[in-house]
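Peer 1: build the 3D model from these lines:
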Amino acid sequence: MTTIKKLLSAFAVVAAASSLSAQNAPENPARVSSAGLLGYKYVEAGVGYININDTAVDQWSTGVSVNLPATRNIDVAYGYSYSWLKGHGSYHANDVYMSGIYYFDAGVVKPFAALDLGYQWIRNNDRLTWAATVGVEYQVASRVVLTGSASYNDDFKNGDNGSFSGEVSGHYWFTKQIAAFASLGWFEQGDFGYAVGATFKY
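Peer 2: You can find the predicted model right below:
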């Protein structure tokens, strides 16, 4: 319980700090013709599927995230996801996280690095989690942006529970504020994941 209280306190402090910073950040460029995501205020929601290698079990998930520019080169994101195993009613997981993202704006190319802190609720196995990510965002055209990233994910429990993963995603903007996205993920164990959803800049 003490750990949960500390985590929630940390979430509250970072949320308050990022909200104050966002008020002083550069005006959100959602009205500008750019397909980029880094440096923008946006909400994203989607559904995902993981084909677990060499088993008949599939994992499904749904989630929502919010991104806020804190300074000119730093974003802060918050997210929640719910996942379950098809055919296994006892497995349900809830995840919350916050992420600090630093990016370098080189025009159509934006390299970035991110650090996530989260908490996962699984039946009889709650845990604090963290992840480190590096990647690049590339604006292919005025309506299309591609993002590639590699991550290391772990928790704070004893033992080596970490794993590597990679993801490639693409966004297509129907308007300056509304987009659809699709992504392909790879996990160290040989599993592949797929996701689709929508993004709204505001």
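Peer 1: next, the distance between the ends of stretch 119-127.
Peer 2: From its first residue to its last, stretch 119-127 covers 6 Å (Cα to Cα, to the nearest Å).
Peer 1: so which bits of it are buried?
Peer 2: By neighbour count on 16 or more other Cβ atoms under 10 Å, the buried set for stretch 119-127 is Y119, Q120. Yep, even glycine has a C-beta here, placed from its N, CA and C like the rest.
Peer 1: wait, A113 touches I101, no?
Peer 2: Yes - if you go by Cβ atoms under 8 Å, A113 and I101 touch, sitting 7.5 Å apart.
Peer 1: so those two - more neighbours on which side?
Peer 2: Taking neighbours as other Cβ atoms under 10 Å, A113 and I101 compare with I101 leading, 22 against 14.
Peer 1: please report how far D58 lies from D75.
Peer 2: Look at D58 and D75: by Cβ to Cβ, to the nearest Å, they are 32 Å apart.
Peer 1: repeat that for A113.
Peer 2: From A113 to D75 the distance is 11 Å (Cβ to Cβ).
Peer 1: which helix or strand lies directly C-terminal to the least confident helix or strand in the chain by mean pLDDT?
Peer 2: Ranked by mean pLDDT, DSSP states H and E, the weakest helix or strand in the chain is helix 2-24, scoring a mean of 45. Counting by DSSP states H and E, the next helix or strand C-terminal to helix 2-24 is strand 42-51.
Peer 1: in that next one, which residues are buried?
Peer 2: By neighbour count on 16+ other Cβ under 10 Å, the buried set for strand 42-51 is Y42, E44, G46, G48, I50.
Peer 1: same thing with stretch 190-202?
Peer 2: For stretch 190-202, a neighbour-count test (16+ other Cβ under 10 Å) marks D191, G193, A195, G197, T199, K201 as buried.
Peer 1: what's the closest of those to L184?
Peer 2: G193 (7.4 Å; Cβ to Cβ).
Peer 1: roughly how far apart are the nearest residue to the closest one once chain neighbours are set aside and Y194?
Peer 2: Leaving aside its sequence neighbours, G193 sits nearest to G185 (Cβ to Cβ, 6 or more residues apart in numbering; 3.8 Å). Counting by Cβ to Cβ, the gap from G185 to Y194 is 7 Å.
Peer 1: show me whatever sits in contact with both of the two.
Peer 2: I50 (Cβ atoms under 8 Å, 6 or more residues apart in numbering).
Peer 1: buried residues, stretch 150-166. List them.
Peer 2: S151, N153, D154, D155, S165.
Peer 1: that one: end-to-end distance?
Peer 2: So stretch 150-166: terminal residues 4 Å apart, Cα to Cα.
Peer 1: report the distance from it to the chain centre.
Peer 2: 16 Å (Cα atoms, centre = their mean, to the nearest Å).
Peer 1: what lies in contact with that stretch?
Peer 2: Residues contacting stretch 150-166 (Cβ under 8 Å, 6+ apart): 120, 127-135, 148-149, 167, 185-189.
Peer 1: mark which of those residues are buried, thanks.
Peer 2: For these, buried by 16+ other Cβ under 10 Å: Q120, L128, T129, A131, T133, G135, S149, E167, G185, F187.
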